[in-house]
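# Next input, structure requested:
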Amino acid sequence: MANFLNILYVTTQGAYVHKDHENVVVEVDRQPLLRVPVRMLGGVVCFGRVTVSPFLIGFCAERGIAVSFMTESGAFLGRVEGPVSGNVLLRREQFRKADRDDASAAIAKAIVLGKVRNLRAVLQRGSRERSHDAAARLNDAADALRRLLPSLEEAGTVEEIRGYEGQAAAVYFGVFDDLIATDDPAFRFEKRSRRPPLNRLNAMLSFGYALLLRDCAAALQAVGLDPAVGFLHADRPGRLSLALDLMEEFRAVLVDRMVFAMVNRRQIAKEDFEVTDAGTVSFRDGARKAYLVEYQNRKAEKIVHPIVNETAAWALVPHIQARLLARTIRGDLDEYPAFPVR
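Numbering: from 1, shown residues only. I've put the predicted structure just below:
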């Protein structure tokens, strides 16, 4: 049995979130919009100009409920939580492996191999749904990723692995527009832009990746790992390097697929975004809420996890992978089994 705790997303600009007895209350202009019993919450995520009372932050920390802060466009800013729990011996072994080049390379390679195989699966699936010319380009890109795999498998250092990961990403994003069915020029990808996103597709991707990063960080913390100490991504102040490692397996199969579906089904329109004079693109409030609803719906979908061979919601998959990673770090598994989409 899996217990999927609810996440409260506060997206209304100018909202005030506070505590009232055993409840979390969201107000705008002193008018209550929502009241949620704290026992029903697994986390609170605030976007943009949202104020949270210090009493609520302390209340949530005592009960193990993290309060996360994002920019209005979805970039992660910070997270407030109570004392870190978990096995100190596991974290010490994590730190030891992160300091060893061979151990870091082994885990980083498994993650990137899983990512590249999942990128191929997304391209192959897309080729079956697109027209002749687009399908041919997608199949060519999938073949290019297949040819990259043997070299990646032979890579011996983290730097080499990062290089092959970069090559794979370039191939994948090079045919990204072929995965989009609409002819609307407002939804042309062109190239990946992150900080800030410079078109609508990049805004959708960055927002989804920020949500996925939060979920992966929470999964790692739940098994006692430090989400800031990774193997593929280098340590950097304020960076959740291990959460970035873990999410590589899920970017394309969870976030990218959702973005394709929303655009191709016309669930989102060009008017749902704001574009500044500098070219920065972000969601309007209503579209952001629709995106969050779709993301939560996707996470509720059930799949058969191909490694543990059990049915689980997508929301649980990062937790399963985090547990497999913890077992690998402890030495219970010889190598980390990255998640393979089917």
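# Any stretches of the protein with poor pLDDT?
1-6, 72-76, 84-86, 193-194 (pLDDT under 70).
# Let's see that with 50 instead.
Residues of the chain meeting the criterion pLDDT under 50: 1-5.
# How is it partitioned into domains?
6-80, 88-330 (automatic domain parsing).
# Give me whichever of those domains is most buried.
Mean neighbour count (mean count of other Cβ atoms under 10 Å) peaks for domain 88-330 among the domains of the chain, with a mean of 18. Bear in mind the C-beta positions are built from the backbone N, C-alpha and C, glycine included.
# can you redo the domains of the chain as a markdown table with distance to Pro337?
As requested, the domains of the chain are arranged in a markdown table below (distance: least, Cβ to Cβ, whole Å):
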| stretch | distance to Pro337 |
| --- | --- |
| domain 6-80 | 26 |
| domain 88-330 | 5 |
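# which one of the ones you listed lies closest to Phe339?
Distance to Phe339, taken as Cβ to Cβ, is lowest for domain 88-330 among the domains of the chain, at 4.6 Å.
# which SS class is the residue nearest the centre of the chain?
In the chain, the residue lying closest to the centroid (Cα atoms, centre = their mean) is Leu212, at 2.0 Å. Classification of Leu212 using DSSP: H, G, I helix; E, B strand; the rest coil returns helix.
# returning to that earlier point: which stretch among the domains of the chain comes nearest Tyr336?
domain 88-330 (4.3 Å).
# what's the first-to-last distance across that closest one?
End-to-end span of domain 88-330 (Cα to Cα, to the nearest Å): 12 Å.
# And for stretch 237-245?
First-to-last residue span, stretch 237-245, Cα to Cα: 16 Å.
# same for the longest helix anywhere in the chain, what does it pack against?
With secondary structure taken from DSSP state H, the chain has its longest helix at helix 101-127. Counting contacts by 3 or more Cβ pairs under 8 Å, 6 or more residues apart in numbering; DSSP states H and E, helix 101-127 is packed against helix 88-99, helix 132-154, helix 158-174, helix 241-247, helix 317-330.
# What does Ala261 show for phi and psi?
phi -60, psi -40 (degrees, to the nearest 10).
# Find the residue closest to it in space, skipping its chain neighbours.
Gln267 (7.5 Å; Cβ to Cβ, 6 or more residues apart in numbering).
# contacting residues around that neighbour?
Ala261, Ala290, Glu294 (Cβ atoms under 8 Å, 6 or more residues apart in numbering).
# where does it land in three-state SS?
coil.
# Now do the helix or strand containing Asn202 against helix 88-99, angle only.
For Asn202, the host element (DSSP states H and E) is helix 200-222. With axes from the mean of the first three to the mean of the last three Cα atoms, to 10 degrees as the basis, helix 200-222 and helix 88-99 are set at 130 degrees to each other.
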